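In: this is a predicted model, with the sequence first.
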Amino acid sequence: MMDQVSQMALETIRDLLVNVGFLSGVTGEVEEVQMELNTIHSFLKDADTRPDRYDSNTVRTWVAELRKLAMEAEDVLETYAIEVTSKREEENLKAKLRRFAGILSEGLSIHRVGEEIRVIRSRMAKLTAKLESIMAKGEGSSNSVDDQYLRLRQTYGHQVEEHFVGMEKDIECLMLLVLDVNRSNRVISIYGMGGLGKTTLAQKIYQNKEVQRSFEARVWVCVSQQFNVKSVLQQILKQLVQNERKEQITNMEQNELVIELDNVLRRKKCLIVIDDIWETDHWEILKPAFPIVDVNHCKILLTTRNERIASEEYRYKLDYLTEDQGWKLLQNIALPKDHSQGLKTDELRQRETIGREMVHKCGHLPLSISVIGGSLRHKQALSEWEKVNKNIDLYLKLGDGVGVNKRVTQVLDLSYNVLPYYLKPCFLYLGCFPEDQEINAEKLYLLWMAEGMISSEEKRSRETLRDVAERYLSELAFRCMVQVKAPKYSSAYNKFESCRLHDLMRDLCLSKGEEEGFLKVINFGQDTHYVPSIGTIPRLAIHLDHGVVDIDDSDERGKLKNLRSFLVLSEKTQAIELPFHYHSEYRVTRYELSLIYFKYLRTLVFEECRFKDRKLPSGVDKLIHLRYLSLYNCAVKELPSSVCNLPYLHTLNLVVWDSTLKLPNMICKMKRLRHLVLGGWYKSMDGKKLRLDGLNELETLEGFRCEDICAADIPKLTNLRKLDAFVKDNESISIIVNHISNNESLLRETILGISISDDSSLVEISPSLLRKLLMSHSLVKLEVRGRIGCNLPCYEPGLCTNLLDLSLARSEIKEDVMETLGKFPMLNSLNLDTASFIGTEMICRANAFPQLKSLSLQELSNLRKWRVDEGAMPNLSSLKITACRTLEMVPDGLRHITTLQQLDIYFMPKEFIDRLRMVNDEKGQDYDKICHIPSISFHGER
């Protein structure tokens, strides 16, 4: 991650140079700094690929100095741009007689900044020259540890794992694939996080007697990070040819080796295991050596940590051990039979309790459990087990282990070290978040962007920085560095809902973050806390349970200016569900802090915090470099108008807790704002509707309400990509629908709520407007409450092509809604609420609702019959029926929906429920329709 700071500084300078007026008078000097940073960036990117980079203390020292200089350059230029801009704005308000003083002041600023830039550039040039000299000579290089570990990582097919637990089903499945003569699974890939046992599993397959009988020859080759295609091909061939030909193989060129291997594989039925392949490029280079036309049913078994490599033909993801499997593995290593025979039952039970706790702390990772088991082998006293459990992190780093992988950190370090330079800061940033937290993907993208980790140069055609960030997260997931969660209802725009780190990966994040001067995380429990020395670390994350935090210590004030990111996060999500009274029994956070010393802060995040007097900490308006401000679920009553003057702010999250947030009607002045997220309760301070005209860079608007924001400003947001809006008047719905219809090429995601009632100005929505809305490709979620004045439009191609979630209530539709809704191709969730349908019969025809996963029918008081044909709703997993009191029975077609996992029945008549139950071994009339559903619940029987 050596060059991440130069990358971030370059991103800032590119941004400033685009707006030439910001740097008027010093453009030449800035361009020279940009050239110097480009040189540093290229040099460090190259250095980052060298195997000696990890342990070179000399290089680390110089890189730290370069980091400091890059940040200084960024700070000086931004501060100058802000000074010049503010003076020019002020000048427009002054009398012409004072104009000369303003010009003179700007001239002095130019001179001062020019001098500062020249000094920084000179220091950069000297440091770069020194670093080039160091790297050329190999000074400070200390790669013996890595070389030694890479030798230890060399694997062989004949090795036998003494302690093997929990992969019996994996072996059975893979054996079927390896022995199957079907051409479709010629290449089989085992992938997963480091330490899961991929190599061990492959060795079990390789050594299997039936496999040995089925193949004429077997080959095992370990690739590792130090990939050499010629060497790999030679290793494979030397295991396939006679001894007298091995010398010829040694002297062959790469193209000759490829041809020779192709010829051999066409003559022999072979199993080739390629263990520990790291990069897609490596596999792409090797592939031509393996015959496309496979006449001998050869099989290739790959092991990798990178899912992208595992995209060939058949992928097999290796999972973590269960708790029982983990305890069995730990027991086999730590308590072999000769050790456990002398222990009493109570003593064994106590060890099992501690052991299962350690399995959990190891994240159910076989490697970690093996390391802890090795540490416990010679520790028979219960107190020694308790000591290991208490200090498990230390034992995982330094434990005795078993086999060749004695230290978990070494195994996981390899995954980090091989990351491309641009992914390393993104990965380390994940350490900011509390342990086991599901990290919202959209929030993460915006934080990465605020930090300058997402380069504008990476944008492809029609992409935003947010799209680049999503690609980065996808790549981390493919490399098994993070665990991602798909959205409940997938869409083309959102690949991920959230991500999380395995406990050991988070430990890696934190250790690397501190080691590389990237991040410091402080965990607090209760009472008043004082932050320990933070040094010159640029990012500080504080995880709170509750209490008061005080960072306003005189010894630290001077160092706070080094902070670029400051995050205060609650570890207890239930904190927001409790009353905000400051008592010790409540898990609330009272936050007292002045931000006046946080001079160069770029990112400021408060989550679930209670501020003194519900006011933001003083000094927020002085954070002129701020890009990202979040007050998510905080107790705050108003946003100071001075915040709207922050010149670089591009993300503002104002989803606050508990009360109506008062906003200054000046948000429209925030010209660089790109993402505005509003909560359910807000009002402008002047009592008028909030104005948004002028926000030409705005990409995301969430929480729009027509009664509080001027709808006429929406079409003026010319860069809008995502809109989440609630409307209930004719003018607003017309403006919104016309806007999303006219901006299909730009707008990607629309979430719309419409309220139609007699007491609003929108009594019903016209058929033409409804059709135009449903034809919008960006519409992903729609909720309509009230009469729509017509039946649903007849289905036609293009209607609701991307609609995922639909809720209707009080719509009073008479015709069978299932006829039209069943043809919506992407519909995942359907909620038909009170009086949305007032007919008596619904029919779900065969092939209807191809993607539907969740269906809720609630208070459809006229519904008597419901028919589901075989083949309808083939992916349905959840069904809820609530207070449809005239419905005679569940449809017979439910028995054909094998994907159905959950059936919930609420407030239905006793006769309806009795048909579904089994009482005293006597089946109800409809029991057979639902008996295949794993979870069935009845509530509020009437």
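Out: All right, it came through fine. Residues are numbered from 1 along each chain as shown.
In: contacts only, for Phe824.
Out: Contact analysis of Phe824 by C-beta atoms under 8 Å, 6 or more residues apart in numbering lists Tyr795, Leu799, Cys800, Leu803, Leu806, Phe849. Using the backbone N, CA and C atoms, a C-beta is placed for each residue, glycine as well.
In: and it, which of the three is it?
Out: coil (DSSP: H, G, I helix; E, B strand; the rest coil).
In: flag the shaky bits of the stretch 251-400 of the chain, pLDDT-wise.
Out: Within the stretch 251-400 of the chain, the segments meeting pLDDT under 70 span 292-296, 311-312, 337-342, 398-400.
In: try it again at 80.
Out: Applying pLDDT under 80 to the stretch 251-400 of the chain flags residues 291-297, 310-313, 336-345, 374-375, 377-380, 393-400.
In: quick one, strands of it?
Out: For the stretch 251-400 of the chain, the strands defined by DSSP state E, counting those that start in this stretch occupy 270-277, 299-304, 314-317.
In: export the contacts of Phe824 to JSON lines and tack on distance to Asp276, pLDDT and secondary structure?
Out: Putting the contacts of Phe824 into JSON lines (distance: C-beta to C-beta, whole Å; pLDDT from 0 to 100; DSSP: H, G, I helix; E, B strand; the rest coil) gives the following:
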{"residue": "Tyr795", "distance to Asp276": "52", "pLDDT": "88", "secondary structure": "coil"}
{"residue": "Leu799", "distance to Asp276": "50", "pLDDT": "90", "secondary structure": "coil"}
{"residue": "Cys800", "distance to Asp276": "47", "pLDDT": "90", "secondary structure": "coil"}
{"residue": "Leu803", "distance to Asp276": "45", "pLDDT": "94", "secondary structure": "coil"}
{"residue": "Leu806", "distance to Asp276": "48", "pLDDT": "96", "secondary structure": "strand"}
{"residue": "Phe849", "distance to Asp276": "45", "pLDDT": "97", "secondary structure": "coil"}
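In: buried subset of the residues you listed, written for ChimeraX?
Out: Buried residues within the contacts of Phe824, by 16 or more other C-beta atoms under 10 Å, are selected in ChimeraX with:
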select :795,799,800,803,806,849
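In: and the two most separated of the contacts of Phe824?
Out: Leu799 and Phe849 (14.6 Å; C-beta to C-beta).
In: ok so, going back, can I get the strands of the stretch 251-400 of the chain in a markdown table including distance to Leu473 and mean neighbour count?
Out: Putting the strands of the stretch 251-400 of the chain into a markdown table (distance: least, C-beta to C-beta, whole Å; neighbours: other C-beta atoms under 10 Å) gives the following:
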| stretch | distance to Leu473 | mean neighbour count |
| --- | --- | --- |
| strand 270-277 | 23 | 24 |
| strand 299-304 | 19 | 26 |
| strand 314-317 | 18 | 17 |
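In: adding distance to Pro420, write the ones you listed out as a markdown table.
Out: Shown next, in a markdown table, are the strands of the stretch 251-400 of the chain (distance: least, C-beta to C-beta, whole Å):
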| stretch | distance to Pro420 |
| --- | --- |
| strand 270-277 | 16 |
| strand 299-304 | 16 |
| strand 314-317 | 22 |
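In: was I right to think Met505 contacts Arg479?
Out: No - the pair Met505 / Arg479 is not scored as a contact, 10.8 Å apart, by C-beta atoms under 8 Å.
In: and stretch 796-816, how far from the chain's centre?
Out: Here the centre of stretch 796-816 is set off from its chain's centre by 31 Å, with C-alpha atoms, centre = their mean, to the nearest Å.
In: no more questions from me, cheers.
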